[in-house]
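S.K.: sharing a sequence plus its predicted fold:
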Amino acid sequence: MKIKINHIAKIEGHTGFMASVLNGDVKSAKFQVQEGVRLIEGVLIGREYQDMPLIAQRICGICPVVHNLTSIKALENAMGVSVTYETKKLRTLLEYAQFIHSHALHLFFLSLADFLDMNNDIELISKYSAEAKMAIKIREYGMEIVKIVGGRVVHPLTNEVGGFKKAPDREALKKLVGDSEDILQIALSLGEFFRGIKIPEFSRVTEYISLGKNGEYAIYDGDVISNLGLHISVKKFENNFLELQKQKEVIKRVKHNGQSYMVGAIARINNNRAKLRDNASNYLRSLGWTFPDYNPFHNILAQMVEVIQSIEESKRIMLELLNSDLNEVITKEYKVCEGVGVAAIEAPRGTLYYHVDVDAKGYVKNVNIITPTAQFLSNLEDDIAEYIPQILKLKDKEKEKKLRAFIRAYDPCISCAVH
Amino acid sequence: MKIKVIEEKNKIPTRAKAVKAKKIVKTKKVVVAKIANKKVEAGKPRVAIVSLTSCEGCQFVLLDLGVRFLEFTEQVELVDFRLIEDEEDDGGMLDLVLVEGNPVTKENEKTLLSARKRAKLLVALGNCAAMGGIPEMKNYHEGVSTIKHVYKYLQGITNPEIREINNFVKVDFVFPGCPINGEEFLKCIPKLLKGEIPTLPDQPVCVECKKAGNRCLLLDKKPCFGPMILGGCNAVCPSSRAQCQGCRGLRETGNVTAMRAMLKNMMSDEQFQNMTEIFGLRDDLEEREKKDKRKKR
């Protein structure tokens, strides 16, 4: 028997899915990626390093902030450029704001309808209009931070190697701090609503990989850690993980010790939950999970936890920045020099890695970009292969629906994965 | 009946080696009768938003309009918008189709051609569709070595020369920008829904930049394409102290020669050329320069 989904809607990018089942055994479960290649890594070669962040961020329209920041960090590491404490804080704020609006979109507008048995968001929004308004308000808060700090929501403008071209407006930040408490309350109410949603049961043991850092919920930097005890510096990533292209595939896959693994909100919550702020931590506890939690559908609720965390953390950072000299974020002079740099940042969908090689004049010699979806796609296929027997007796349409829901819970971004 | 004259960009990418000539529209000027006096059928206008290969950022600009986007969806019958609906497109006629991205795969090309067949009006949504954008950058690199850098196995990977969607289908209107400007979308959409073609004011980025009170980047010897580029973006880049790199395309009356002469003091020819490649401006610029030279003669 074949299960074929020609096109999966409500995710970023284009992909289909096919599985074949023989006498109840899943023989294969594979994505059929239909995304066109843009060869972003290829076109960066030979260009001046300043072009890289603004070209690379166009890999993805939903998470440009993280592509932009990771390429900037990799370039800074390559050329030995250091940035101020305030710059790091402001970048972390951008990161959290990116989490808020990306997660709020996925939670509510891309994934929720699957668990309420609805086919489109227009129906969802009219039936759950109060909740839709909450999700929109939360998104708008996250987007407003990106706009104030980055200059624009889709493809921000102010970041560059060494710092920021422009400091955010103090009054605008004050206003956002003022809004924070309300938004946090809204997020907690939306969290209540999500806690009441019936989420399917499924569990398969896997390795959860994320950044980890002493004393804080790692977003902007840290080491590479896992629930199985891995702890290496980001520099060692490419030595420990294998990125492979299979024949006839435009997407590369990444494996650790020959196995598939998971990244993203659920991985971070599993690895770093002890470092969550109070509200996020309390909300997580109220979900009553036992750890390690291996249900991929829980990724949606893990994103809800992170929305709460991100709002709390954003407010703290903004308050701290308001008490400091904001002009410290402005780029200071630095020297362009030859070097190799790697960097990793937690993107909404998981750890994003950049590797860049720059020559003495600042021209890019080599680039490698490893996105979260490229990392978790094999894990998703392995999960689905184990999930299919549970739904084999359902009618074709129902089966397809369940699979779509499963795939969307992962929040894949095919545009990122192919790039 | 309103008659619109459309100038087809009969262009071949500069370093194109394997351009399939048959696909390029040969006619220089095509007179096209717009189906304007055909009244929209009873009920709401049927609209589809389709995405080819891209970052999907222009679709997100629409979603990011939040409640205002929802109000737009209430005015129309949204036949296809994959980001928010699972239901299969019914395949019927459309009043308006918005196309984002670039036809890189065969599937993309099919989607584009079928969108044109079904729609009264086809509109390019953003820089990739309108000017080739980021996907077009690879046209300026050595084809095989670029893809070899990224992929070990090339079999089964479609890697065509990138051409703007108006090389494949007739385009009735363009929302320019990388990404598009959401406010501009809201301003223009009522006309489009009535079957009319909006016009964007032919003014440079500098008009809005001055209004925003920015200090001119060119005065600080920072190369900025503002004067030759179509405004309407609220000068969002220079307002963040980032130079305009021309994602909205050349102005109809922009003085390209003067711009280039001015920039000569600030950047090398190579730097200029590289910068114009990012948003697919280079081929348009070369074409404009040729046209200007012809005029002079």
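M.R.: Arrived safely, thanks for sending.

S.K.: for A:V149, phi and psi?
M.R.: The phi/psi pair for A:V149 (degrees, to the nearest 10) reads phi -80, psi -40.

S.K.: ok, it - how many residues close by?
M.R.: Neighbours of A:V149 under the rule other C-beta atoms under 10 Å in any protein chain shown: 27. Every C-beta, even on glycine, is put in place using the N, C-alpha and C of the backbone.

S.K.: kindly state the pLDDT recorded for it?
M.R.: Note for A:V149: predicted pLDDT of 98.

S.K.: kindly report the same for B:G43.
M.R.: B:G43 is given a pLDDT of 87.

S.K.: surely it is in a helix?
M.R.: No: looking at B:G43 with DSSP: H, G, I helix; E, B strand; the rest coil, it is coil, so not inside a helix.

S.K.: next, the contact list for it, please.
M.R.: Going by C-beta atoms under 8 Å, 6 or more residues apart in numbering or on different chains, B:G43 touches B:E77.

S.K.: could you pull out the helices for the stretch 51-200 of chain A?
M.R.: For the stretch 51-200 of chain A, the helices defined by DSSP state H, counting those that start in this stretch cover A:51-56, A:64-79, A:85-104, A:112-115, A:121-127, A:129-150, A:170-195.

S.K.: how about the stretch 151-297 of chain B?
M.R.: Going by DSSP H, counting those that start in this stretch, the stretch 151-297 of chain B shows helices at B:182-193, B:205-211, B:236-239, B:256-263, B:269-278, B:282-296.

S.K.: whether the first one contacts chain A - can you check?
M.R.: No: using C-beta under 8 Å from any C-beta of the partner chain, we find that helix B:182-193 stays clear of chain A, coming within 9.1 Å at best.

S.K.: quick one, strands of the stretch 1-150 of chain B?
M.R.: B:3-7, B:29-33, B:46-51, B:77-81, B:94-100, B:119-125 (DSSP state E, counting those that start in this stretch).

S.K.: if we can go back for a sec, ranking the helices of the stretch 51-200 of chain A by burial, who's on top?
M.R.: Stretch with highest mean neighbour count among those: helix A:64-79 (a mean of 27; mean count of other C-beta atoms under 10 Å in any protein chain shown).

S.K.: do it and chain B come into contact?
M.R.: Yes: using C-beta under 8 Å from any C-beta, helix A:64-79 reaches chain B at A:P64.

S.K.: ok, now which ones touch residue 259?
M.R.: Just going to use chain A. When contacts are counted by C-beta under 8 Å, 6+ apart, A:Q259 is found next to A:E207.

S.K.: was after chain B, sorry
M.R.: Contacts of B:M259 (C-beta under 8 Å, 6+ apart): B:225, B:227-228.

S.K.: again with A:V305
M.R.: A:191, A:265, A:269, A:276, A:280, A:283-284, A:287.

S.K.: re the thing from before, which of the helices of the stretch 151-297 of chain B sits most buried?
M.R.: helix B:236-239 (a mean of 24).

S.K.: name the residues that touch that one?
M.R.: Residues contacting helix B:236-239 (C-beta under 8 Å, 6+ apart): A:151-152, A:157, B:181, B:205, B:209, B:212, B:214, B:217, B:224, B:226, B:243-245.

S.K.: count of residues packed around the residue of the stretch 301-419 of chain A found nearest chain B?
M.R.: Using C-beta to the nearest C-beta, the closest approach of the stretch 301-419 of chain A to chain B is made by A:S415 at 5.6 Å. For A:S415, the count of nearby residues is 29 (other C-beta under 10 Å).

S.K.: can you check A:P372 too?
M.R.: Neighbours of A:P372 (other C-beta under 10 Å): 29.

S.K.: nearest residue to residue 131 other than its sequence neighbours?
M.R.: With no chain named, the answer covers chain A. Of all residues not flanking A:E131 in the chain, A:F193 sits nearest, at 5.4 Å (C-beta to C-beta, 6 or more residues apart in numbering or on different chains).

S.K.: wrong one, I was asking about chain B
M.R.: In space, B:M131 is closest to B:G280, 3.5 Å off (C-beta to C-beta, 6+ apart).

S.K.: and the one you found, how close does it get to chain A?
M.R.: 12 Å (C-beta to the nearest C-beta, to the nearest Å).

S.K.: cool, and B:D202?
M.R.: Note on B:D202: its distance to chain A, by C-beta to the nearest C-beta, is 24 Å.

S.K.: so what pLDDT did the nearest residue to that residue once chain neighbours are set aside get?
M.R.: Setting aside the residues directly before and after it, B:D202 is nearest to B:E252 in space (C-beta to C-beta, 6+ apart), at 4.9 Å. Per-residue pLDDT puts B:E252 at 91.

S.K.: perfect, I'm done here.
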